[in-house]
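Q: Using only what follows, build the 3D model:
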Amino acid sequence: MRDFRIIQHMHLPLESVTNPICILGMPGIADVGKFAVDQIIGLLKAKPFLEIIFNDYPAGAIVDNSILSAPKAEIIFWKDPQGLRDIFLITADSQALNPKGIYKISDFIAGLLKKFGIKLMVSLGAFPTNNQSKTPSIFFSTTNKKFINKFISDGVCKKIKKGVIVGANGLIPTLLKARFDIDGIVFLAETDNIAVINDEITDLKASISLINLLKESFQLPIEKKYTMAKIDEITKNLQNKKEKLERELDSFQIIDKHSEEKRKSLYI
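A: Numbering: from 1, shown residues only. Next up, the predicted model:
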């Protein structure tokens, strides 16, 4: 526990939680899983439950509208008004900085989810391909073969034959199964292979494909908010903002030309 600090935002008696599942989307390739979870949190109007500050997150402060905050993982809670299943949603500002740190935070979160009585872990991420489809395909893996018929045999998803899911998105459901025998599912939305080497890419189409899949598969009460035309428009606007920021940075002048330490910099 010395490596972690927990900030609790609401009191949540575990006996009041109904048949809970967890939806996880940590930062990763094109931030596909994170953006999907962030959107679901907003669409469901889920409430902040816990923040986890970890000493292996990047050593810097996040600035938002002049307010400083430490990099953190967040656990958000949604109470199902129909009493079908409550949902814990997890995302973070960053992955841990090294493999040991990723394993440590993944193991810590797995232990918390066990205490919350999670029945199923659903993790979201990206699957890079060379020829991305116009409507992204969803690739699927699981810790339990019983889910294969539902999501692969019925044509909802494609099977992942071989590979490695890097980071907490793959490790947390795996540890939950290994330590506590809690089943996990990983959905990876198809994205362009170039996203692996370009961390500025945000693939909204892939994220929305994941949201639509979860809406249908788990009866989430969210409206279909984004058409493909709207997604293209948002993506274009994001790209224009990035290009404008880059032009503004290029126009900055170094105040002291004789000092190598006074270089222009931007931390986001």
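Q: Can you get me a residue count around Asp86?
A: Using other C-beta atoms under 10 Å, Asp86 has 20 other residues around it. Where you see a C-beta, it was placed from the backbone N, CA and C, and this is true even at glycine.
Q: For it, which residues are in contact?
A: Val17, Thr18, Asn19, Pro20, Ile21, Phe77, Trp78, Lys79, Asp80 (C-beta atoms under 8 Å, 6 or more residues apart in numbering).
Q: could you pull out the strands for the stretch 151-268 of the chain?
A: Taking DSSP state E, counting those that start in this stretch, the strands of the stretch 151-268 of the chain run over residues 158-159, 184-192.
Q: Among the contacts of Asp86, which are located in helices?
A: Among the contacts of Asp86, no residue falls in helices (DSSP state H).
Q: with those in mind, which one is nearest to Ser133?
A: Closest approach to Ser133 among these (C-beta to C-beta): Ile21, at 27.8 Å.
Q: Name the nearest residue to that closest one, ignoring sequence neighbours.
A: Closest residue to Ile21 apart from its sequence neighbours, by C-beta to C-beta, 6 or more residues apart in numbering: Leu120 at 4.4 Å.
Q: sorry, back to before: from the strands of the stretch 151-268 of the chain, which stretch is densest packed?
A: By mean neighbour count, with neighbours taken as mean count of other C-beta atoms under 10 Å, strand 184-192 ranks first of those at a mean of 25.
Q: Can you give the strand pairings for it, parallel or anti for each?
A: Its sheet considered, strand 184-192 pairs with strand 120-129 (parallel), strand 138-142 (antiparallel) by DSSP bridges.
Q: from the middle of its chain, how far away would the last one be?
A: Just to be clear, that refers to strand 138-142. 16 Å (C-alpha atoms, centre = their mean, to the nearest Å).
Q: can you offset everything so residue one is 299?
A: Okay, using 299 as the starting number, the last item reads as strand 436-440.
Q: How about residues contacting that strand?
A: Under C-beta under 8 Å, 6+ apart, the answer for strand 436-440 is 425, 445-446, 449-450, 454-458, 463, 481-488, 507-508, 511.
Q: Straight-line length of stretch 365-378, end to end?
A: Stretch 365-378 has its terminal residues 32 Å apart, counting by C-alpha to C-alpha, to the nearest Å.
Q: Report the mean confidence score over it.
A: For stretch 365-378, the mean pLDDT works out to 93.
Q: in it, what's buried?
A: For stretch 365-378, the neighbour count (16 or more other C-beta atoms under 10 Å) marks Ala368, Pro369, Lys370, Ala371, Glu372, Ile373, Ile374, Phe375, Trp376, Asp378 as buried.
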